[in-house]
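Colleague: A structural model of the following input is requested.
(one chain, ligands or ions: 1)
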Amino acid sequence: MDKVGIFYGSTTGDTETIAMSLASQLKNYDVDVYNVNSAAKEDVEAYDNLILASSTWGLGELQSDWIDFIEELKEVDLKNKKIALVGTGDQDMYADTFVDAIGIIYEELKASEAEFVGHYPSDTYDFSDSRALVDEKLIGLAIDNTNQSDLTETRIEEWCQGLF
Ligand SMILES: Cc1cc2nc3c(=O)[nH]c(=O)nc-3n(C[C@H](O)[C@H](O)[C@H](O)COP(=O)(O)O)c2cc1C
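Modeller: Here you go, the predicted structure:
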């Protein structure tokens, strides 16, 4: 079975819950889940398929544990790895910075020659702006459990199909 490493940062537990849902949805893979507050770059090196998940805090900032971890990731040779991004956020309260964190992770890592997979259409959301918008699509899956919790399960199911 192909391996998938899920690396998440979570301040109040929302992204952690999503990381666990993703792990149970990816039934055809051997999945390990890491909190970035205690993960190291050697953990990342063990996987060809990565899911990187972050909530957004402040006004469009990375979840705090990601601030150090993104620097570690930049030291990993990510060439030939596939990376899928998952952002949690609130599109109503933070309509101009919705899931910006995954846009930041993408910007930091796009020079790495990793292949970014799992782009997601933005038409079922209602926000004004996001750094996660790349070529009119979201660079990864966005989850908003404050305003659209009813869509979360379906979005995860859809997104996980044929992801890697
Ligand atoms: C002070 C504060 C700032 C936030 N800033 C943003 C933001 O800029 N963009 C966004 O999409 N969500 C923002 N959010 C919403 C969080 O990202 C959201 O609640 C998320 O589910 C938290 O996930 P976590 O518990 O895994 O950290 C903010 C929430 C708070 C309380």
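
Colleague: Please count neighbours and contacts with C-alpha atoms only from this point.
Modeller: Will do.

Colleague: Tell me the buried residues in the helix or strand containing Thr17?
Modeller: Using DSSP states H and E, the element containing Thr17 is helix 14-25. Residues of helix 14-25 classed as buried by neighbour count (16 or more other C-alpha atoms under 10 Å): Asp14, Thr15, Glu16, Ile18, Ala19, Leu22, Ala23, Gln25.

Colleague: so where do the helices sit in the chain?
Modeller: 14-25, 41-45, 64-73, 100-109, 149-160 (DSSP state H).

Colleague: Can you check which of the ones you listed gets nearest to the ligand?
Modeller: helix 14-25 (3.5 Å; C-alpha to the nearest ligand atom).

Colleague: So is the closest one next to the ligand?
Modeller: Yes - Helix 14-25 is in contact with the ligand by C-alpha under 6 Å from any ligand atom, via Asp14, Thr15, Glu16.

Colleague: about what we covered before: will you turn the helices of the chain into TSV that also has mean pLDDT and distance to Phe116?
Modeller: Shown next, in TSV, are those (pLDDT from 0 to 100; distance: least, C-alpha to C-alpha, whole Å):
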stretch	mean pLDDT	distance to Phe116
helix 14-25	98	17
helix 41-45	97	15
helix 64-73	97	15
helix 100-109	98	8
helix 149-160	98	14
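
Colleague: any idea how far Thr146 is from the residue nearest to the spatial centre of the chain?
Modeller: The residue lying closest to the centre of the chain (C-alpha atoms, centre = their mean) is Val86, at 2.3 Å. From Val86 over to Thr146 the distance is 16 Å, taken as C-alpha to C-alpha, to the nearest Å.

Colleague: surely the residue nearest to the centre of the chain meets Ser54?
Modeller: Yes - counting by C-alpha atoms under 8 Å, Val86 touches Ser54, with 6.6 Å between them.

Colleague: so what sits against both of these two?
Modeller: Counting by C-alpha atoms under 8 Å, 6 or more residues apart in numbering, the residues touching both Val86 and Ser54 are Ile102.

Colleague: ok, and which of the helices of the chain has the densest surroundings?
Modeller: Compared across the helices of the chain, helix 100-109 shows the largest average neighbour count, a mean of 22 (mean count of other C-alpha atoms under 10 Å).
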